[in-house]
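Colleague: For reference, the sequence and a predicted model appear below.
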Amino acid sequence: MIARAGAALVLLLTTIQGVAVAQTPGADPLETATIRVGPFGINPTLAVRELGVDNNVFNDSTNPKSDFTFTLTPRAEVLFRPRRFRITYISAVDYVYYQKYTSERGTNQSSQVKVDVDLGRLKPFVTAGGASTRERYNQEIDARARHNDRTYGGGVALQVASRTTLTAAVRRTTTDFEQGSIFRGEDLARAFNSRLDAFDGTFGLQLTPITSFSLVVTEERQRFDMSPERDSDTTRVTPTLTFSPGGLLNGSAAIGYRHFNGRSPSLPDYSGLVAVVNVGATISGRHRLDTTFGRDLRYSYDEATPYYLTTGGTVILTTEIAGPVDVKVTGTRQNLDYSHSTGVSLRPANDSYTSYGGGVGYRIRQRVRLGINADWSHRKSDRAADRAFRNHRIFGTVTWGIAQ
């Protein structure tokens, strides 16, 4: 297995090394596009991920199964900037390979398009995107079941003053699992097939040239195709800070309030803190710290525990050791606190997921990187002993087309 993995890495590396070109991080993608003709540009990327042995393919609590695997991902970002329009189209495909367990092989496709129109103070936009994937739906579902996700939306932003913007937007998101998708005796189509309609209103204020503040108020209605007892209405109020890539901090931090109203008496309500934080920082020019944190409600597949509150995040520290060599350390922690249906008398249920690891990377050129990584992960569960699992992996990655 190790010899095969090494041969695959060397073959891909020699293939892509000759066509790598430099790109300035943080620049306008059109200005630094790999292929550019006037207002038209393309940024292609190619990655081989998870190249190695997965020591617990099915997340089994006992008798784990091992297999050689890798994922090949070509991706393209297409940019078109005719006059007042900004059109961005992104498409990617994952080819997932398992040597022994062929049932885990599959192809995941995703694409999205956004059109922005600059009419001076008025800036309309429309978006559309979708994915057909067998990736695990979330951290509680171990089955790789095909599901199709679609999102459509649009809106308009109005600049009312030099630093103040008002935005109104609508969107619809649909989820559809293939019929016959079963996990632990539950029909995933019945549990998750739904549509979510949302309206967002945003007040935006540019605080400094590299920092902005926005207050987002959202109304959501989620309706299920086969399980109307899971229908809900939600109100969110989310203050958000956004940091430009040009500053010490970059990314965004949104921490706010959510009121979840279950339309059925059996679906308990929730009111409390929610958050989405993705913030990074470069320290002393050699160290890069990236953090993510999230807290929100998610629907569960289990009728007895209709939803759970997920809280946790990831920390990644990357240090440039010497020249093109870097070292990365990662850690992830996630807690899933389940709520029971009204009238169901069960003890509190909780799952926790922990992962930690690290790796060494070698940047052959600015846009070509070879990495060797290792990680250890485990899940603990109060719900059932057979939901717990452990896994450890050593795997390689090769990326081309992403500025390193």
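Modeller: Happy to help now that I have it.
Colleague: can you count the residues close to the nearest residue to Leu317 once chain neighbours are set aside?
Modeller: In space, and not counting its chain neighbours, Leu317 is closest to Val329: 4.9 Å by Cβ to Cβ, 6 or more residues apart in numbering. Where you see a C-beta, it was placed from the backbone N, CA and C, and this is true even at glycine. Per other Cβ atoms under 10 Å, the neighbour tally for Val329 reads 13.
Colleague: who's Val329 bridged to?
Modeller: Counting by DSSP bridges, Val329 is bridged to Leu317, Gly358.
Colleague: my read: it touches Ile316, true?
Modeller: Yes: when contacts are counted by Cβ atoms under 8 Å, Val329 is listed as touching Ile316 (7.4 Å).
Colleague: Now stretch 184-192 - C-alpha only, PDB.
Modeller: Extracted in PDB, the C-alpha atoms of stretch 184-192 (Å, rounded to 0.1, in the frame of the first residue of the first chain):
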ATOM      1  CA  ARG A 184     -29.700   2.700  11.700                       C
ATOM      2  CA  GLY A 185     -33.100   1.800  10.600                       C
ATOM      3  CA  GLU A 186     -34.200   5.400   9.800                       C
ATOM      4  CA  ASP A 187     -35.200   6.600   6.400                       C
ATOM      5  CA  LEU A 188     -32.900   9.600   5.600                       C
ATOM      6  CA  ALA A 189     -35.300  10.900   2.900                       C
ATOM      7  CA  ARG A 190     -38.100  11.100   5.500                       C
ATOM      8  CA  ALA A 191     -35.800  12.700   8.000                       C
ATOM      9  CA  PHE A 192     -34.200  15.400   5.800                       C
END
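Colleague: For that stretch, buried residues please.
Modeller: If you call a residue buried by 16 or more other Cβ atoms under 10 Å, then stretch 184-192 has these buried ones: Glu186, Asp187, Leu188, Ala189, Arg190, Ala191, Phe192.
Colleague: could you redo the residues you listed as CSV and give each row distance to Arg105 and secondary structure?
Modeller: Below are the buried residues of stretch 184-192 laid out as CSV (distance: Cβ to Cβ, whole Å; DSSP: H, G, I helix; E, B strand; the rest coil):
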residue, distance to Arg105, secondary structure
Glu186, 24, strand
Asp187, 24, strand
Leu188, 20, helix
Ala189, 22, helix
Arg190, 26, helix
Ala191, 25, helix
Phe192, 23, helix
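Colleague: Including pLDDT and distance to Val277, could those residues go into JSON lines?
Modeller: Below are those laid out as JSON lines (pLDDT from 0 to 100; distance: Cβ to Cβ, whole Å):
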{"residue": "Glu186", "pLDDT": "94", "distance to Val277": "32"}
{"residue": "Asp187", "pLDDT": "96", "distance to Val277": "34"}
{"residue": "Leu188", "pLDDT": "97", "distance to Val277": "29"}
{"residue": "Ala189", "pLDDT": "96", "distance to Val277": "33"}
{"residue": "Arg190", "pLDDT": "95", "distance to Val277": "33"}
{"residue": "Ala191", "pLDDT": "96", "distance to Val277": "28"}
{"residue": "Phe192", "pLDDT": "97", "distance to Val277": "26"}
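Colleague: And the residues you listed, which is closest to Val279?
Modeller: Val279 has its nearest neighbour among those in Phe192, at 30.3 Å by Cβ to Cβ.
Colleague: Mind picking the one among the buried residues of stretch 184-192 that's closest to Arg298?
Modeller: Of the buried residues of stretch 184-192, the one sitting nearest to Arg298 (Cβ to Cβ) turns out to be Phe192, at 10.4 Å.
Colleague: Enumerate every residue touching the closest one.
Modeller: Tyr137, His147, Thr175, Phe177, Phe224, Tyr299, Tyr301 (Cβ atoms under 8 Å, 6 or more residues apart in numbering).
Colleague: now the third one, what's its secondary structure?
Modeller: For Thr175, the assignment made with DSSP: H, G, I helix; E, B strand; the rest coil gives strand.
Colleague: how much space between it and Ala191?
Modeller: Per Cβ to Cβ, to the nearest Å, Thr175 is found 10 Å from Ala191.
Colleague: Please apply the same query to the last one.
Modeller: Tyr301 sits at a distance of 5 Å from Ala191 (criterion: Cβ to Cβ).
Colleague: What is the neighbour count of the nearest residue to Gln206 once chain neighbours are set aside?
Modeller: Counting by Cβ to Cβ, 6+ apart, Gln206 lies nearest to Arg163, which is 4.1 Å off, once chain neighbours are set aside. The number of residues packed around Arg163, counting by other Cβ under 10 Å, is 12.
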